[in-house]
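Participant: Following is a predicted model, sequence given first.
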Amino acid sequence: MKVSPDVLYPLSLMRASRNLPGLSFEKVDPQDLPEPYQSLLVHEGDMTSRLEGHHESPVKVRRLRSSNNGNSYLREVILETEEDEKAVEYGAIEINLEALPKEAVPLVLASHLPLGGILNDHRIPYSSTPRAFLKVAPDGPIVEAFGTVEADYLFGRSNVISGLGGIEIAQIVEILSPA
C-alpha cells in the first residue's frame with residue numbers, strides 16, 4: 001500500500017465515489033487544537049483507546065460503506081459507544097490486508113471492531129504517525145453521520161499506521177464528534 005499524498009485520503013475517495021463535493025478543511029498546528037481535541041488527537045497511539053477512555057465506554061464500528069479488492073479493504077465508518085450508540089468519530093480507513101496476520105483479517109472484514117482494538121487485542125506491533133491535524137466544516141454527510149452538529153468546525157487528523165519494518169497497515173482520516 002502506498003501512502004497517498006492527499007491528506008484526506010481515503011475519505012476523499014469514499015466521498016468522490018458518491019459524487020459528494022470535497023470537504024472544506026484547513027490544516028492546523030497541533031498546539032492550536034482546543035481541548036479535548038488536542039488530548040484525543042495529538043499522540044502516536046491508536047484512537048480506539050483514547051476514545052474509549054474519554055467516553056468511558058468501549059467503541060464499535062458502524063460501517064457505512066466498504067470496498068474490498070482482496071489486498072486492500074476500504075471502509076467509511078462511524079465509531080460509536082457500545083452502551084448508548086453515541087457517534088464519537090466519523091471517517092474512513094484503507095487497511096492493507098496483506099500487512100496483517102491471517103487471524104486478524106476476518107475480524108477487520110467483519111467491520112464490528114475498530115482496527116486499533118484488533119491490533120491491541122492481537123498484540124500486533126505498530127506505530128501511528130499523524131500526517132495532519134484538521135479543522136473541518138461539517139457538511140450534510142457529516143451532520144447526517146453524527147445525527148446533529150451544533151458546531152461551526154470539527155477537528156480530526158490524517159494518520160498512517162505502520163507495522164514492523166515500516167510496512168503500512170492503514171491510512172485513516174478521523175473526524176471527532178463535537179465536544
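Facilitator: Looks like it came in fine.
Participant: which residues sit against the longest helix anywhere in the chain?
Facilitator: Identified as the longest helix of the chain according to DSSP state H is helix 47-55. Under the criterion C-beta atoms under 8 Å, 6 or more residues apart in numbering, residues 36, 39-40, 43, 58-59, 79, 81, 86, 88-89, 114-117, 120, 159, 172, 174 lie in contact with helix 47-55. Using the backbone N, CA and C atoms, a C-beta is placed for each residue, glycine as well.
Participant: In strands only, show me those.
Facilitator: In strands, defined here by DSSP state E, the members of the contacts of helix 47-55 are 59, 79, 81, 88, 89, 159, 172, 174.
Participant: Name the member of these with the most neighbours.
Facilitator: The residue in these with the most neighbours, by other C-beta atoms under 10 Å, is residue 172 (29 neighbours).
Participant: contacting residues for that one?
Facilitator: 10, 47, 91, 92, 93, 94, 115, 158, 159, 160, 161.
Participant: so what's residue 66 up against?
Facilitator: With C-beta under 8 Å, 6+ apart, residue 66 has these contacts: 73, 74, 75, 76, 111.
Participant: cutoff 10 Å now
Facilitator: Residue 66 is in contact with 14, 73, 74, 75, 76, 77, 92, 93, 109, 111, counting by C-beta atoms under 10 Å, 6 or more residues apart in numbering.
Participant: where does the first one fall, helix, sheet strand or coil?
Facilitator: Just to be clear, that refers to residue 14. helix (DSSP: H, G, I helix; E, B strand; the rest coil).
Participant: what does residue 165 give?
Facilitator: helix.
Participant: Tell me who's in contact with it.
Facilitator: Neighbouring residues of residue 165 by C-beta under 10 Å, 6+ apart: residue 99.
Participant: Tell me how far it lies from residue 80.
Facilitator: 34 Å (C-beta to C-beta, to the nearest Å).
Participant: cool, residue 32 as well?
Facilitator: Distance from residue 32 to residue 80, by C-beta to C-beta: 28 Å.
Participant: Who has more neighbours out of those two?
Facilitator: residue 80 (21 against 10).
Participant: Any idea what the more buried one is bridged to?
Facilitator: Beta-bridge partners of residue 80, counted by DSSP bridges, are residue 60, residue 87.
Participant: Cross-check the contact I'm expecting between it and residue 61.
Facilitator: Yes: at 8.2 Å, residue 80 counts as touching residue 61 under the criterion of C-beta atoms under 10 Å.
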